[in-house]
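Student: need a 3D model of the sequence below.
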Amino acid sequence: CRPDYAVRVLEEVKHYFDIPGVAFVFALHRKQLHESIKAIYGSGFNSQEYLRRFYDRRYELRPLSLEELVDGLFRSNSLSEDAFYVPPLVGNGKQSAVTAPCFMASMFEDMYVTAREAASIIDALRLFVDGWEHHVLIELTWLLPMLVNLVREQDLLADVPAQHNYRIWHPTIARDTGFTIVEA
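Tutor: Below is the predicted model:
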């Protein structure tokens, strides 16, 4: 929300609802709120001291890893791993099986997908799965880049931007051997 609105809400809660036995819990981005306060009261204003008058306790939550976020979104959207073909990852001549959320998180990292984009992509994936009437598994290797492009409002078949450490996902010639990750 706008900086002035965020500060106004805090001030109103403090002044009008300072009732014994009533507690308010605010989830906020503290650093951003400090900047909002400085934007209103001036850059030299002590925003940390100002904020201390609004709360008795403060807790900081650790940020989720992309894999944890994708796993949570996968479950909250009631997606089933049975709907997807997830290729094994190949490295050092060995194949290892991975879960669909783990595979998706790995692809998202390679495509520099933000947490907000991941939520939109998984919602689009849920809609895709709901409409999937075929008796074959959905190939995430092919579908996810298109969904990334969809969320980024790009041509569905446009190349995903690559940087020096981008992993290239491609099918091997023999379908039964799965897919391979090749470090570029």
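Student: just for the protein, where's the confidence low?
Tutor: 16-18, 159-184 (pLDDT under 70).
Student: ranges for the strands of it?
Tutor: 84-85, 89-91, 94-96, 138-139, 167-171, 179-183 (DSSP state E).
Student: distance of the spatially most central residue of the chain from residue 158?
Tutor: The centroid of the chain falls nearest to residue 115 when counting by Cα atoms, centre = their mean (2.1 Å). Here residue 115 is placed at a distance of 22 Å from residue 158 (Cβ to Cβ, to the nearest Å). (Glycine included, C-beta is placed from N, CA and C.)
Student: how about residue 53?
Tutor: Residue 53 is 51 Å from residue 158, by Cβ to Cβ.
Student: these two: who's more crowded?
Tutor: residue 158 (12 against 9; other Cβ atoms under 10 Å).
Student: which residue, other than its chain neighbours, is closest to the more buried one?
Tutor: Spatial nearest neighbour of residue 158, excluding adjacent residues (Cβ to Cβ, 6 or more residues apart in numbering): residue 149 at 5.3 Å.
Student: in stretch 82-94, what's buried?
Tutor: By neighbour count with 16 or more other Cβ atoms under 10 Å, stretch 82-94 contains the buried residues 84, 85, 86, 87, 88, 89, 90.
Student: what's the most distant pair in those?
Tutor: Distance extremes for those: the farthest pair is 84 and 90 at 18.2 Å, using Cβ to Cβ.
Student: residue furthest from the geometric center of the protein?
Tutor: residue 20 (38.1 Å).
Student: do a quick rundown of the helices in this structure.
Tutor: Using DSSP state H, the helices assigned to the chain run over residues 3-16, 30-41, 47-52, 66-76, 100-110, 115-131, 140-151.
Student: figure out which of those is closest to residue 58.
Tutor: Using Cβ to Cβ, the helices of the chain put helix 30-41 closest to residue 58, at 7.9 Å.
Student: what residues does that closest one touch?
Tutor: 3, 4, 6, 7, 45, 47, 48, 50, 51, 58, 60 (Cβ atoms under 8 Å, 6 or more residues apart in numbering).
Student: how much space separates the closest residue in space to the second one that isn't next to it in sequence from residue 112?
Tutor: In this case it means residue 4. Closest residue to residue 4 apart from its sequence neighbours, by Cβ to Cβ, 6+ apart: residue 40 at 5.8 Å. Distance, residue 40 to residue 112, by Cβ to Cβ: 34 Å.
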